[in-house]
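**Student:** this is a predicted model, with the sequence first.
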Amino acid sequence: MGEVVVVRNKQVILKDYVNGYMKPSDLVVTSDTTIPLELPKNDGGLILSKNLYLSCDPYMRNRMNEAVAGSYITSFTPGLPISGYGVARVLDSTHTNFKKGDLIWGFVNWEEYSLITDTKSLIKIQHIDDIPFSYYTGILGMAGLTAYVGFYDICSPKKGDFVFVSAASGAVGQLVGQFAKLFGCYVVGSAGSKEKVDLLKNKFGFDEAFNYKEEQDLDIALKRYFPNGIDIYFENVGGKMLDEVLSNMRIQGRIAVCGMISQYNLDRVEGIYNLHLLIFKRIRMQGFLVFDHYHLYPKFLDMIVPLIQEGKIAYVEDIVEGLENAPTALAGLYTGKNVGKQVVAVTRE
């Protein structure tokens, strides 16, 4: 029996809990730990993975705060690697559902190699020949299922609906807009740069799009694109955007609250002053978490994979290479530096 190979394991560590805007310096990249590349065979249910791609997601900022009562997700622990969704290859396994060589997506630590003891989140990748592995950090992973659930289930769309998507060039927003167009809706998106606005109109097929940073009055901008009001709002931003959208919703409108990225770095969140319009206009506003809807994942794959293979849906990734660049990539998410789904390529092996 040969000697077990032990290697250094590069990791992305949270230095301490974060106040205000997250900075790359809040994370440190180290190679201080080692990991054996073989599992003890008498310890069942474990997986040793080599991580390929890591997903940068807005919710991760909330995990850099001290634990808050009622939060749906645990905080990161200072001094330990952060974690999130990723794509990995199984190097060794004592779990009956996974074998060496399998490709998987689910929760992994931000590191080169992960010892996974909690395997409930892991899903084996089936489509490996004609779709990039990185897609499972986004369109075929959490972001894609989020867009699917939020639009089709929470928003209850009808053909001809007027749909507004904020943060529309992001991993979720770009898909919501395309789902809405395929469904027969009129779709407008907002983004934070000319490049992103051009993507929305020319690649993702939105009817219109605007740069919210260039609008002095969001209410005037929304009335320009929705003179008759909004039926569906897919909420990714919160704050002033949500407040102005509420005053432009139509009677019986629906709002799916997916995220509020404008609020995640604030010590005190902005107030919303138009909530009374939920009553006057009989608006249904519902928050949701994708974790509650994983039973729909097979149905979602049945819909989305043919659309990708037939070129009927577009998808843009913003991939940075190497764990050493991961802190900058994640921090850039909160200032809108990414164009499309932000991904960290740990290795392309």
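**Tutor:** Looks like it arrived, so ask away. Bear in mind the structure is a predicted one, so any value in this text is a computation, not a measurement. Residues are numbered from 1 along each chain as shown.
**Student:** how about the helices in the stretch 201-349 of the chain?
**Tutor:** With DSSP state H, counting those that start in this stretch as the criterion, the stretch 201-349 of the chain has helices at 218-225, 240-246, 277-280, 297-309, 326-333.
**Student:** check which residues of the fourth one are buried.
**Tutor:** Translated: helix 297-309. 297, 300, 301, 304, 305, 307, 308 (16 or more other C-beta atoms under 10 Å). Every C-beta, even on glycine, is put in place using the N, C-alpha and C of the backbone.
**Student:** I'd say residue 51 and residue 90 touch.
**Tutor:** No: look at residue 51 against residue 90 with C-beta atoms under 8 Å: they stay out of range, at 11.0 Å.
**Student:** pretty sure residue 107 belongs to a strand, no?
**Tutor:** Yes: assigned with DSSP: H, G, I helix; E, B strand; the rest coil, residue 107 falls within a strand.
**Student:** ok, it touching residue 121?
**Tutor:** Yes: counting by C-beta under 8 Å, residue 121 is a contact partner of residue 107 at 4.4 Å.
**Student:** ok so, going back, in TSV: the buried residues of helix 297-309, plus distance to residue 146 and pLDDT.
**Tutor:** What follows is these, written out as TSV (distance: C-beta to C-beta, whole Å; pLDDT from 0 to 100):
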residue	distance to residue 146	pLDDT
297	11	94
300	10	96
301	14	94
304	12	95
305	17	93
307	16	95
308	17	93
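**Student:** let me know the closest of the residues you listed to residue 227.
**Tutor:** Nearest to residue 227, judged by C-beta to C-beta, of those is residue 307 at 31.4 Å.
**Student:** buried ones in the helix or strand harbouring residue 144?
**Tutor:** Element membership of residue 144, judged by DSSP states H and E, is helix 142-148. Judged by neighbour count (16+ other C-beta under 10 Å), helix 142-148 contains these buried residues: 142, 143, 144, 145, 146, 147, 148.
**Student:** now do the phi/psi pair for the closest residue to residue 38 other than its chain neighbours.
**Tutor:** Among residues not flanking residue 38 along the chain, residue 4 sits closest, at 4.6 Å (C-beta to C-beta, 6 or more residues apart in numbering). The phi/psi pair for residue 4 (degrees, to the nearest 10) reads phi -70, psi 130.
**Student:** what's around residue 4, how many residues?
**Tutor:** Using other C-beta atoms under 10 Å, residue 4 has 10 neighbouring residues.
**Student:** got it, and residue 251?
**Tutor:** Count around residue 251 with other C-beta under 10 Å applied: 10.
**Student:** can you tell me the closest non-neighbouring residue to it?
**Tutor:** Nearest residue to residue 251, sequence neighbours excluded (C-beta to C-beta, 6+ apart): residue 281, at 5.0 Å.
**Student:** strand partners (parallel or antiparallel) of the helix or strand just after the helix holding residue 144?
**Tutor:** For helix 142-148, the following helix or strand on the C-terminal side (DSSP H and E) is strand 162-165. Using DSSP bridges, the strands paired with strand 162-165 are strand 186-191 (parallel), strand 230-235 (parallel).
**Student:** related to what we said a few turns ago, tell me the one among the buried residues of helix 297-309 nearest to residue 257.
**Tutor:** Using C-beta to C-beta, these come closest to residue 257 at residue 300, 19.8 Å.
**Student:** about what we covered before: quick one, which of the helices of the stretch 201-349 of the chain gets closest to residue 132.
**Tutor:** Among the helices of the stretch 201-349 of the chain, helix 297-309 comes nearest to residue 132, with 9.8 Å by C-beta to C-beta.
**Student:** how far does that closest one sit from its chain's centre?
**Tutor:** Here the centre of helix 297-309 is set off from its chain's centre by 18 Å, with C-alpha atoms, centre = their mean, to the nearest Å.
**Student:** just checking, what packs against that helix?
**Tutor:** On a contact count with 3 or more C-beta pairs under 8 Å, 6 or more residues apart in numbering; DSSP states H and E, helix 297-309 meets helix 142-148.
**Student:** need the CA coordinates for the helix it packs on. PDB is fine.
**Tutor:** Listed next in PDB are the C-alpha coordinates belonging to helix 142-148 (Å, rounded to 0.1, in the frame of the first residue of the first chain):
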ATOM      1  CA  MET A 142     -28.400  28.400  -7.900                       C
ATOM      2  CA  ALA A 143     -28.800  31.500 -10.100                       C
ATOM      3  CA  GLY A 144     -30.700  29.600 -12.900                       C
ATOM      4  CA  LEU A 145     -33.000  27.900 -10.500                       C
ATOM      5  CA  THR A 146     -33.600  31.200  -8.600                       C
ATOM      6  CA  ALA A 147     -34.600  32.900 -11.900                       C
ATOM      7  CA  TYR A 148     -36.900  30.000 -12.800                       C
END
